[in-house]
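Q: based on what follows, work out the 3D shape:
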Amino acid sequence: MNHAQTTARTPDTGMKVVPASLHQGQRNPKQGPCLLSDGPGAHTPSNVGTISIRAHTIGTARCGVFSRRLLNFTGKGDTDPSLNSSYASFLKSKCSDKSQRLNSSAVVGMDPTGALSFDSGYFISLLQHKGLFTSDAALLTDPSAAHIASVFQNSESFLAQFGRSMIKMSSIKVLTLGDEGGEIRRNCRVVN
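A: Residues are numbered from 1 along each chain as shown. From the prediction side, this is the model:
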């Protein structure tokens, strides 16, 4: 049985495999799973859309992280017009008052079809304008990223590509303290 078949049979496999693989040391320490804060040495990889695509299929987010998109998108008490209106109403019901936005236990799934299953539901939702974050909506404004999302609506295509990507990524040599340019950050967002 290949990786795609295993992931399809046990959807929570992605919850176990993705963090273990993606959150290990990356070849370029400026492109790890935690992007650097603004400042000297800060760098945002050119494939931010791809990073977002791979990251938002599983997991949850606290209301405070995305509430501006719901309640004050342009500073005038409005909602992001690119957000599906029924999904926006659902999110507002979960995150409408200040205590919910500040409460760390008030969370919403990043994939409306299932926050704990690793599947293609995120892409289906994304194309219905139900992406939780502004960065999700931005994917649809880029023809190349929108095409990827369209292809990945197909579960078989998504899982097969995920398997190939994991195999390719596992061949990247991880930099360590003994390697030139390697470091273990004391604070994930700042170069030592």
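Q: any low-confidence regions in this structure?
A: Applying pLDDT under 70 to the chain flags the ranges 1-55, 97-105.
Q: for it, what spans make up the helices?
A: Counting by DSSP state H, one finds helices in the chain at the ranges 3-9, 13-22, 48-55, 63-71, 85-95, 98-102, 121-127, 134-139, 143-151, 155-170.
Q: so for stretch 151-165, what gets flagged as buried?
A: The neighbour-count check on stretch 151-165 (16 or more other CB atoms under 10 Å) flags 152-153, 155, 157-160, 162-163 as buried. C-beta here means a position set from N, CA and C on the backbone, and glycine is covered the same way.
Q: in those, find the pair that's most separated.
A: With CB to CB as the measure, no two of those lie farther apart than 153 and 163, at 17.4 Å.
Q: the nearest residue to residue 88 once chain neighbours are set aside: how many residues sit nearby?
A: Spatial nearest neighbour of residue 88, excluding adjacent residues (CB to CB, 6 or more residues apart in numbering): residue 79 at 5.2 Å. By other CB atoms under 10 Å, the residues close to residue 79 number 17.
Q: same question, residue 119
A: 19.
Q: the nearest residue to residue 111 once chain neighbours are set aside and residue 170, how far apart?
A: Of all residues not flanking residue 111 in the chain, residue 122 sits nearest, at 4.2 Å (CB to CB, 6+ apart). Using CB to CB, to the nearest Å, residue 122 is found at 23 Å from residue 170.
Q: okay, these two: which has more neighbours?
A: More crowded of residue 122 and residue 170, by other CB under 10 Å: residue 122, with 31 against 10.
Q: is it correct that the more buried one is in contact with residue 110?
A: Yes - using CB atoms under 8 Å, residue 122 makes contact with residue 110 at a distance of 7.3 Å.
Q: so what's residue 109 up against?
A: Contact partners of residue 109, counting by CB atoms under 8 Å, 6 or more residues apart in numbering, are 59-60, 115-116, 132.
Q: what is the nearest of those residues to residue 87?
A: residue 132 (8.7 Å).
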